[in-house]
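[1] Provided below are the primary sequence and the corresponding predicted coordinates.
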Amino acid sequence: MREALYLAVAYLRFHRWRTSVLVVALALILSVPILTRMVLTASEAQLSARAAATPLMVGARGSALDLMMNGLYFTDDRPEMISMAESERVWDSDLAISVPLHVLYRAGGEPIVGTTLDYFDFRGLEIAKGRGLTVLGEAVLGANAAARLGVAPGETLISDPENLFDLTGAYPLEMTVVGHLKPTQTADDDAIFVDLKTAWVIQGLGHGHNDVVEEGMAVESDAPGITANAALTQFTRITPRNIDTFHFHGAPETYPISAVIAVPPDARNAAILRGRYLAADEQAQIVVPETVVEGLLATVFRIGAILDGVYLIVGLATLLAIALAFFLSLRLRDAEMRTAFHLGCHRFTVMRLLAAEIGIIVIAAGLLALTFLSAMSVVTNDLAIWILTSAD
Amino acid sequence: MKTLLTTAAMVLAAGMSMAEPVKVAVVNGPLASFVETLGGDGVEVIFPAPTDGDPAFWSPTADDIAQYQSADVILLNGAGYAGWVKNASLPRAKLTDTSKAFKGQLIEIEGDLTHSHGGEGEHSHTGVARTTWLDLQFAAMQVEATSLALEPLLDPEDLAAATRVLIQELILLDTDFAELAAKISGPVIASHPRYEYFTRAYGLDSIGLHWEADEVPTPAQVADLKARIAGTNTRIFLWEAEPIPEAAKAVSDLGLVGVIFDPGDHLTDGQSFQELMRENYSRLEAGIAAS
């Protein structure tokens, strides 16, 4: 057998490019279905874990999936906004802790999540570098967002303009990054966290400017309001010097939020709270993320099963193609085999030689697939999060 | 239930030991006093506002706000007191607005002037009157709100007993002030816009000024006051703090009796809110007798 292996290795080394193509093709056939399964499993784990850790979510009536994906993964699925009154409603129910979320804007391509400090306690987020949020205009970066944006605590970050051609839109806001969060292996790693009020400033609902009357910019001052002339500019950066000039117009309970995470202390409170959103004329909906995820996962599994079928067919076709390549190769090597036979090689010796060649190729492909899958397993979770968060 | 939820979340988040004093952050002296009276050794009051300024207009640093964030309970006065709160990031689950129960009865102020005290920078009293606790019934409601916020964190029986005693003291003070105020003829003069709830609660008319106890009133201010009290039988002039001799003389020269009525934004030397109010009562009583 050793001689057969020696000759097989010599042959494969001589035809190294052809051998390499065969090894890579086989490795791909072996690894791609497994990798797909790994990513699907990681996605399922991500979805299930995050959903299970989020008892209830309140949002506008409409797609529960959009609401959940935006609220849990900060995706671009934009559910219709609800008012802050919905968050207060949860508080006033005395049935759950209410954590409002405002996920509408981005900075450097990463989602800006406006929320209250209760979110940090709820998710167990910890500061790795710098400090937490204290005042308006500050931002704390998730671990991956910090790495991608390369903005250190003390440096600034500008919110992305919503629409470059919307001259009447809100000004981008320059935020001071005050801290980085420890990695959590969740969508929080990719987010930029700001106070809810900062998100409203980005949206243009709150702003700061010089005193209209003192600066001589008032053109009308009939009570109860003052109309300023066009010289009035709003501050685009919140600093200790101008923070006191920042103010909001209108009642805070009317300000928009994307969703509310409701955290009831037990199943009884959760059930009572859910019951309060059943009225036919109810404008808001309350969803159990875990239930929504179950529906989503059923779809994912169906897609996974179809993919398995596709891989099976493609794999078989590829194996047939490889077998054909071997067969044709044998035909090409007919003279070589004949020479070996004339030299006294037994028919089985020639068979052993061929088996050794195939065995070496299969083992090399297996090792290559194993190495590839090991390398990919490190980033599978990130890949799953990326797939979930970049889904439009 | 709200406080139970809040406490459950806080204990979960902080993993705090129930044996340690409960950290309670407050925004003014009366709330600090209520917490100390109700909680005794079981509480640690966090009130980082400097004693030489008005906590209502104080601007805390990031470290100060971090102290508030680290507390187990954060008590706000409400009524727009401590304006920094609106721009600060504070955990909603720990916040209690102690004036929420009487939100509909807050006093709106209109047309007030922007002014400054020493190095504090300019501020205005426009909006809602802030010194809610000078209506002692409101103070009692703020004690109730404080007690509710502390309930899950302290021994319930001790807390209930302390709450009962403190509210009784405040109700007694309220009755005493009502009887005393009935003896005042004509409007009282408020050196600074701080006494809106006091005058309304005890049926007094008032003339509001912007005089500072540590500043000599200008001739224009004196002339303005003279014109405003002409034809009234007003006699009592309320000072927030001990006035400088020149200011005290300007008041007495107009035939008015100056009475120090400290609202107690800052309480010093371990004095409790009810002790301060009892002192204010005695000074007002003496002022009425002298008028």
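    Structure's in. What do you need?

[2] pretty sure B:G39 contacts B:V24?
    Yes - B:G39 lies in contact with B:V24 (C-beta atoms under 8 Å); the separation is 7.0 Å. All C-beta atoms are positioned from the backbone trio N, CA, C, and that covers glycine.

[3] could you point out which element follows the host helix or strand of A:M57?
    Counting by DSSP states H and E, the secondary-structure element that holds A:M57 is strand A:56-60. The element immediately downstream of strand A:56-60 (helix or strand, assigned by DSSP H and E) is helix A:64-73.

[4] look at whichever residue of the stretch 151-291 of chain B sits closest to chain A and report its pLDDT.
    Closest contact between the stretch 151-291 of chain B and chain A, by C-beta to the nearest C-beta, is at B:P152 (11.7 Å). B:P152 is assigned 93 on the pLDDT scale.

[5] swap in A:S43?
    In this model, A:S43 is scored at 83, pLDDT.

[6] near chain A, which residues of the stretch 151-291 of chain B show up?
    Not one residue of the stretch 151-291 of chain B sits near chain A, judged by C-beta under 8 Å from any C-beta of the partner chain.

[7] okay, now the unreliable bits of the stretch 151-291 of chain B?
    Per-residue confidence for the stretch 151-291 of chain B (pLDDT under 70) gives no ranges below the cut-off.

[8] which residues in it form helices?
    Here the stretch 151-291 of chain B has its helices, by DSSP state H, counting those that start in this stretch, at B:156-181, B:196-201, B:219-229, B:245-253, B:273-290.

[9] can you check the stretch 1-150 of chain A too?
    Going by DSSP H, counting those that start in this stretch, the stretch 1-150 of chain A shows helices at A:2-14, A:16-52, A:64-73, A:84-92, A:118-123, A:143-149.

[10] please identify the most buried of these.
    When you average the neighbours per residue for each of these (mean count of other C-beta atoms under 10 Å in any protein chain shown), helix A:64-73 leads with a mean of 24.

[11] name the helices or strands packed onto that one?
    Judged by 3 or more C-beta pairs under 8 Å, 6 or more residues apart in numbering or on different chains; DSSP states H and E, the packing partners of helix A:64-73 are helix A:16-52, strand A:56-60, strand A:97-107, strand A:259-263, strand A:284-287, helix A:289-332, helix A:347-389.

[12] what's the spacing between the residue lying closest to A:S93 once chain neighbours are set aside and A:H249?
    Using C-beta to C-beta, 6 or more residues apart in numbering or on different chains and skipping the chain neighbours, the partner closest in space to A:S93 is A:L273 (6.1 Å). Taken as C-beta to C-beta, to the nearest Å, the spacing of A:L273 relative to A:H249 amounts to 31 Å.

[13] between the two, which one's more packed in?
    Under the neighbour definition other C-beta atoms under 10 Å in any protein chain shown, A:L273 and A:H249 were set side by side, and A:L273 has more, 21 against 9.

[14] now the strands for chain B?
    Under the criterion DSSP state E, chain B contains strands at B:22-26, B:43-46, B:73-76, B:95-97, B:108-109, B:114-116, B:122-124, B:127-128, B:188-190, B:206-208, B:236-239, B:257-260.

[15] pLDDT on the fourth one, on average?
    I take that to be strand B:95-97. Taken as a whole, strand B:95-97 carries a mean pLDDT of 95.

[16] kindly report the same for the fifth one.
    On average, the pLDDT along strand B:108-109 is 85.

[17] which neighbouring elements make contact with it?
    With contacts defined as 3+ C-beta pairs under 8 Å, 6+ apart, strand B:108-109 has these neighbours: strand B:127-128.

[18] quick one: the strand it packs on to chain centroid distance?
    If you compare the mean C-alpha spot of strand B:127-128 with that of the full chain, they lie 15 Å apart, counting by C-alpha atoms, centre = their mean, to the nearest Å.

[19] that strand and chain A, are they touching?
    No - remark: strand B:127-128 sits outside contact range of chain A, by C-beta under 8 Å from any C-beta, the gap being at least 11.2 Å.
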